[in-house]
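Undergrad: Give the three-dimensional model of this entry:
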Amino acid sequence: MDSNGQPRPSVTVSFEPRFCANHVVDLTAGCSFGCLYCPFAAIGARLRGVSRPTALDLSRLNDLTPPPSVFLSPASDAFAPQAVESTHTLLSYLLSRGTTVGIVTKGIVPERTLALLADYRPQVEGVAVGVTSLDDHRNTVLEPGCPPARRRLDNIDRLAARGLPAALRLDPLFPVLDDRPGALTALVAEAARRGASAVTATYVFAWGRYLRRLQREPLLAESCRLLTERAPMEGGTAFSVPLARKLETYGFLAEVASEHGLWFNTCGCKDLRVRESGRVFASCRNVLFLKPLDGRPTRTGARPVPGAEARAAPRVDRPAWRLPPPVRDTTRP
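TA: Predicted structure coming up:
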C-alpha cells in the first residue's frame, strides 16, 4: 500500500525497442531525484496513476520471467532512495537466473550491491554514472535530489576496483552551460583517472510542457534559445540543438576519450540523424560487452581488448567514403 492506503503498482519487465531493443525495469513510478530536464519520470508516474514518486510493489517478484538482458531504468533511477532496496532485491533475482544487466544512475551504488554485481561480473554489461558538470550551483538547480557530482564520480572508483565496467555519462548536455571544451576535457580526464572504460554523451531534448519548464529556468535561458531544431527520435520528435553542434561536440568527445584510452558513444535513439551520419558510434549499449572489436564473443565488460587504440572512437573503423561531408556549427560564437 502507498501512503494513502492505495495498492501500489507492481514492478514489471517490458521490452522497449527504443532502448536498442532491450528489456527495461523501473523500481519507482516517478523519481525522487526530481531532475528538471527529465520528462520520463513524470510520464511514468502519470501512466501508473500516482502523483508523487512511489516505490513499486515487488511482492510478486517470483512471477517475473527473467529476460536475457535488462536496463535499469528508463523513467527513474535504480539508486534513488526509494528504489535502492528493491533494486538490490531485483538484481539478486535476475542475476542468479542468468540475466545480464546494464545500469544508469545519478545515485550512489551501495557496497552490498557492488559486491553482488562483482559476484556476477560476466553478466554486468556496465554501470554508467551520470555527471554532466562539476558546477554545484548548476547541479543543485537542475538535479535537486541527486548526490553531489564528486560523490557520484566516486562510484567509478568503486566499480573499477571490483573489475566492473564503468562509464561516465554526460546526459543531458545543455549547450553553452555544459559543452565548453575545457569542461568536457576535465570531466573525461577525471573519469579516466578513476578507472572508467567509456564515455557516453547526449544533448538535451525537450517538447511541449517539458520544454516550457526548461524555458522558465533563468539558468537555462541561453541554452534554450539554441534548442532550435526538431530532432527525429525513435518514437517521435523533440527540440534540440542543431545537428552540426551535436556532431562537433560528439566528435570532440570521441577524440578526447580516445586520448585517454576510452571508448565513446552516444544514444542513437535520441537523434536518428547522428546514427545515420556515421561520425560517432551511436548505441545505447556497451558494444564491447556484446562483441569486442576483434570479433570474438565476450561477456567480460568494457576492456576485453588491450591498448588504447582498440578503444578509440569507432569512426576510424568506418570506410572514409561512407562519411558525409563536413558540417559547420553556426550556433557557436
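Undergrad: Would you list the phi and psi of residue 30?
TA: phi 80, psi -180 (degrees, to the nearest 10).
Undergrad: State the number of residues packed around residue 39.
TA: When neighbours are counted by other C-beta atoms under 10 Å, residue 39 registers 18. For every residue, glycine as well, the C-beta is placed using N, CA and C.
Undergrad: Return the residues in contact with the nearest residue to it once chain neighbours are set aside.
TA: Using C-beta to C-beta, 6 or more residues apart in numbering and skipping the chain neighbours, the partner closest in space to residue 39 is residue 210 (4.1 Å). Taking C-beta atoms under 8 Å, 6 or more residues apart in numbering, we find residue 210 in contact with 37, 39, 42.
Undergrad: just residue 189 next, same as before
TA: Contacts for residue 189 were tallied using C-beta under 8 Å, 6+ apart; they are 256, 260.
Undergrad: now with 10 Å?
TA: Counting by C-beta atoms under 10 Å, 6 or more residues apart in numbering, residue 189 touches 256, 259-260, 262.
Undergrad: mind listing the helices for the stretch 151-300 of the chain?
TA: For the stretch 151-300 of the chain, helices defined by DSSP state H, counting those that start in this stretch occupy the ranges 181-194, 208-215, 221-225, 243-259, 272-277, 287-290.
Undergrad: Next step: the contacts of residue 210 restricted to helices.
TA: Here DSSP state H is the test, and these give residue 42 as lying in helices.
Undergrad: between the contacts of residue 210, which is nearest residue 180?
TA: Nearest to residue 180, judged by C-beta to C-beta, of the contacts of residue 210 is residue 37 at 18.3 Å.
Undergrad: Quick check: pLDDT value at the residue nearest to residue 39.
TA: If you check residue 210, the pLDDT there is 95.
Undergrad: low pLDDT regions in the chain?
TA: 1-6, 19, 287-333 (pLDDT under 70).
Undergrad: all helices of the stretch 1-150 of the chain, in order?
TA: Under DSSP H, counting those that start in this stretch, the stretch 1-150 of the chain gives helices at 40-47, 84-95, 111-119, 136-142, 149-161.
Undergrad: can you list those helices in TSV and add distance to residue 175 and mean neighbour count?
TA: Putting the helices of the stretch 1-150 of the chain into TSV (distance: least, C-beta to C-beta, whole Å; neighbours: other C-beta atoms under 10 Å) gives the following:
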stretch	distance to residue 175	mean neighbour count
helix 40-47	21	17
helix 84-95	33	19
helix 111-119	35	15
helix 136-142	13	15
helix 149-161	19	19
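Undergrad: Would you list the buried entries among the contacts of residue 189?
TA: 256, 260, 262 (16 or more other C-beta atoms under 10 Å).
Undergrad: Deepest in the core, which of the helices of the stretch 151-300 of the chain is it.
TA: Mean neighbour counts were compared across those using mean count of other C-beta atoms under 10 Å; the top stretch is helix 243-259, at a mean of 21.
Undergrad: which helices and strands does that helix pack with?
TA: Packing partners of helix 243-259 (3 or more C-beta pairs under 10 Å, 6 or more residues apart in numbering; DSSP states H and E): strand 166-173, helix 181-194, strand 198-203, strand 229-233, strand 263-265, helix 272-277.
Undergrad: Can you give the distance of the shortest one from its chain's centre?
TA: It refers to strand 263-265. 12 Å (C-alpha atoms, centre = their mean, to the nearest Å).
Undergrad: returning to what we had before: using a markdown table, lay out the contacts of residue 210 together with distance to residue 89.
TA: Formatted as a markdown table, those follow (distance: C-beta to C-beta, whole Å):
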| residue | distance to residue 89 |
| --- | --- |
| 37 | 29 |
| 39 | 28 |
| 42 | 26 |
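Undergrad: Could you single out the nearest of the contacts of residue 210 to residue 62?
TA: Nearest to residue 62, judged by C-beta to C-beta, of the contacts of residue 210 is residue 42 at 30.7 Å.
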